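[1] 3D, please:
(2 chains)
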Amino acid sequence: MTDATATTTERTLPAYVVPHRPIRQALTGSVASIAFTFIAVIVVGLFWVGPKFISAGNVSIIGTFLIVPLIVGAFSGFALLAGVVDLSIGSIVGLSSAIFAFLIADGWPVAGAATVTLSICLVIGGLNALAIVRFGADPIAATLGMLTALRGITWVLCGNQRMIPAFDIDYFTLINSQVLGLPLFFLFAIGLTLLATLVVTKTRLGRHVQAVGGDDRAAGRAGIPVAWVRTFALLLSAFGAGIGGLIYVGQLGSAAGATGFGLEFQVYAALMIGGYSILRGGVGNPIGGALGLLAVAGVSNILDLKAISPYYVNIIVGLLLLAAVLLDRIRGGDAYE
Amino acid sequence: MSLNQAIETAPPAVPLKVRFGGWGTALILIAVWLLLIAATGLYRPDFFAHQTMLAIAFTMAVVGVLAVGQGIIAISGGFIDLSQPAGLILTSLVAVRLSEAGLPLPLVVVGAVVAGMLWGAFNATIIVFARLNPVIVTLATNFIGLAALYLIFQLAQVPNGSEIYHLGRASFLGLPAIWWPMVVIILVVGFLMRSTRYGRRATAVGGNRAAAKARGISLRTTRYATFMAAGGFVGFAAVLFASAAGPFNPSSASTLQLNVIAAVILGGISLAGGRGNFWMLLLSVGFLSTIPTALVFFGLSSDTQSIFQGALLMIAVAIDGYRARRGAP
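    Down below sits the predicted model:
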């Protein structure tokens, strides 16, 4: 009797209830395909380059270059999730490093300079949000405009020398310090990625961001403040790019007009390979994005060690990108006609 | 996001007053353009020298023809073609190699245009058969294309004294010879898009692809046609570019991209598809091409150019988005 009721309730389950299958989800979800890609890259590296590919020395070289992309990616992933791609991150990184270096060279203390710089980045994020959320501008085109304008300001700030030297010994030591043979901030960036993953998957805020990106009208009807969530995501994205700029100044001891140039394509190509989408929100998560960055960095490291032209990296990244969006569509993304 | 396919929304009924909205944009563009010219001319009377006009006309020529290609993609619902830089350099290389082989100018033009159409067909094939969004496909093919071009060549230039070399330095009625084809192309395409079946079909697909499909318009054919046509214009722009640009490398065209997109949006061709007037490109391209030269006359460094262009683009898209949200045509 009880069995019979159980089967009837099962049968009458509405079609939109998605069965919870964690194992199947883990093997076919967006993180799974990038995890397999990542493992494949490591295996290829081990066979082709040898064990030194995963030695602490080599990993810390890869890690040093990845600090800024990882941090910027973890934050701008929120904007992608909310369905508002922010192409201006590369230029915000450049402007942030230029302002920060300018203030340090002017004799400001590091903490004060960082606060002012990050505040300016938040204002830029606010301007992006004003155009996109308030006026309904197309995010790609609007932030493309912001990208150009900020790069211009950065060039003007850097002046005729094309760079601003800003060397603060304590800050330089902090940013470049090593823990357990790996760069301290690489570990920090990975910790930040894990934290961002927790926020996305386990908190109300994260679910709101996903819901807004997935279907903004439905989210609005469910009482989620769509405009505020998108504004918040754009502010976070600009803030993360600002931090990236601060770290570049610590790593290089200066800011240049070209700092962060093209970073947005590097980061977004990797994030899309890692399961995000720049055209629809609500998909992807920070761990996938970080694995995407690691996989691309692994490929370019292998080609470096094998002394192969770096242009092949771009070809491989482009093909991976197409494969990733194709996978995303097969997994249920929008088909385009 | 407005880049998503808007299938549900029906086009709103157009009140008579709003129908003049298109001409309003034209008047504003003309006013701002004249204001810019007048302000620069008052500040520095030598702005009106013939040399200035030549510089502006050169910039206009390449950007204008590229904008026609970009406009065809946008109005037919293909959003943006981000692979134009790779396409332009590829076809410029074809033009250079053909003229190095000593072919006459018409054959060089045909070669570049055909190469551009093949590039467009390549993009369209991926888009149509993988059913992927053109923005990402062209982003990826631009990435791949530029990297592959770097593997082929580092620096190229049309041979001195060849026909194409002379084309870039010739002038007609006081303006550079390469300026005139741009004007003709914009005028002709603008006419074709509104007054022929093919143009109307492309616009219909961009406006509402579900309705267009229901009326029996093949979306695949439209996609192939628009991308190949746009590629052909990229090939023609490449002839103008190669003839006047001097030595170029694979990243020489990357700065043009933004100008082209800004010109399309400022000209009122919506990125969401389905509406726009190609004749307006004459104004928006002219205005955008005047800015760099005018800024130099104001004594501002060329770095400030991108500040103005970026801010303008943002304002233009914000207005575009606001209009789309209000439901005006």
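[2] pLDDT weak spots in the stretch 1-150 of chain B?
    Low-confidence segments of the stretch 1-150 of chain B, defined by pLDDT under 70: B:1-23.
[3] Can you show me the helices along it?
    For the stretch 1-150 of chain B, the helices defined by DSSP state H, counting those that start in this stretch occupy B:16-19, B:21-43, B:50-75, B:84-100, B:105-130, B:134-152.
[4] now for those helices, which one comes closest to A:Gly289?
    helix B:134-152 (16.0 Å; CB to CB). C-beta here means a position set from N, CA and C on the backbone, and glycine is covered the same way.
[5] what comes into contact with the one helix or strand A:Ala270 maps to?
    Applying DSSP states H and E as the criterion places A:Ala270 in helix A:263-273. Helix A:263-273 has contacts (CB atoms under 8 Å, 6 or more residues apart in numbering or on different chains) with A:34, A:37, A:68-69, A:72-73, A:76-77, A:80, A:85, A:87-91, A:93, A:147, A:244, A:276, A:278, A:284, A:289, A:292-293, A:295-296, A:317-318, A:320-321, A:324-325, A:328, B:136, B:139, B:143.
[6] before we move on, back to that, quick one: the helices of the stretch 1-150 of chain B as TSV, columns for mean neighbour count too.
    Formatted as TSV, these follow (neighbours: other CB atoms under 10 Å in any protein chain shown):
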stretch	mean neighbour count
helix B:16-19	10
helix B:21-43	14
helix B:50-75	24
helix B:84-100	25
helix B:105-130	20
helix B:134-152	22
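[7] Please work out the average pLDDT along the helix holding A:Ala270.
    Averaging pLDDT along helix A:263-273 yields 87.
[8] what are the C-alpha coordinates of it, in CSV please?
    The C-alpha coordinates for helix A:263-273 follow below in CSV (Å, rounded to 0.1, in the frame of the first residue of the first chain):
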residue,chain,number,x,y,z
LEU,A,263,44.3,40.5,-20.5
GLU,A,264,40.5,40.4,-21.0
PHE,A,265,40.9,38.0,-23.9
GLN,A,266,43.4,35.8,-22.1
VAL,A,267,41.1,35.6,-19.1
TYR,A,268,37.8,35.2,-20.9
ALA,A,269,39.1,32.6,-23.4
ALA,A,270,40.3,30.5,-20.4
LEU,A,271,37.1,31.1,-18.4
MET,A,272,35.0,30.0,-21.4
ILE,A,273,37.2,26.9,-21.8
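[9] Let me have the helices of the stretch 1-150 of chain B in a markdown table, adding distance to chain A as columns.
    Formatted as a markdown table, the helices of the stretch 1-150 of chain B follow (distance: least, CB to the nearest CB, whole Å):
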| stretch | distance to chain A |
| --- | --- |
| helix B:16-19 | 18 |
| helix B:21-43 | 16 |
| helix B:50-75 | 10 |
| helix B:84-100 | 10 |
| helix B:105-130 | 5 |
| helix B:134-152 | 4 |
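[10] The helix holding A:Ala270: how far from the chain's middle?
    Between the centre of helix A:263-273 and the centre of its chain there are 7 Å (CA atoms, centre = their mean, to the nearest Å).
[11] Buried residues in it, which are they?
    A:Leu263, A:Glu264, A:Phe265, A:Gln266, A:Val267, A:Tyr268, A:Ala269, A:Ala270, A:Leu271, A:Met272, A:Ile273 (16 or more other CB atoms under 10 Å in any protein chain shown).
[12] now stretch B:129-139, how far from the chain's geometric center?
    19 Å.
[13] Actually, stretch A:294-302.
    With CA atoms, centre = their mean, you get 16 Å for stretch A:294-302.
[14] That stretch and chain B in contact?
    No. Stretch A:294-302 does not reach chain B (CB under 8 Å from any CB of the partner chain); its nearest approach is 11.8 Å.
[15] okay, that stretch in PDB with CA atoms only?
    Output of stretch A:294-302 as PDB, limited to C-alpha atoms (Å, rounded to 0.1, in the frame of the first residue of the first chain):
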ATOM      1  CA  LEU A 294      45.800  26.600 -15.500                       C
ATOM      2  CA  ALA A 295      45.200  24.400 -18.600                       C
ATOM      3  CA  VAL A 296      46.000  27.300 -21.000                       C
ATOM      4  CA  ALA A 297      49.100  28.200 -19.000                       C
ATOM      5  CA  GLY A 298      50.200  24.600 -19.000                       C
ATOM      6  CA  VAL A 299      49.900  24.400 -22.800                       C
ATOM      7  CA  SER A 300      51.900  27.600 -23.300                       C
ATOM      8  CA  ASN A 301      54.500  26.400 -20.800                       C
ATOM      9  CA  ILE A 302      54.900  23.100 -22.700                       C
END
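[16] From the opening residue of stretch B:292-310 to its closing one, how far?
    End-to-end span of stretch B:292-310 (CA to CA, to the nearest Å): 12 Å.
[17] Please work out which residues outside that stretch touch it.
    The contact list for stretch B:292-310, computed with CB under 8 Å, 6+ apart, reads A:144-153, A:155-156, B:36-37, B:39-40, B:43-44, B:46-47, B:52, B:55-56, B:59, B:258-259, B:262, B:288, B:291.
[18] sorry, back to before: next, format the buried residues of helix A:263-273 as TSV and append distance to B:Asn123.
    TSV is the format used below for those (distance: CB to CB, whole Å):
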residue	distance to B:Asn123
A:Leu263	25
A:Glu264	22
A:Phe265	18
A:Gln266	22
A:Val267	24
A:Tyr268	19
A:Ala269	17
A:Ala270	23
A:Leu271	23
A:Met272	18
A:Ile273	20
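[19] All the strands of the stretch 101-250 of chain B, residue numbers only.
    B:171-172, B:175-176 (DSSP state E, counting those that start in this stretch).
[20] Who does the first one pair with, and is each partner parallel or antiparallel?
    Applying DSSP bridges to the sheet, strand B:171-172 is found paired with strand B:175-176 (antiparallel).
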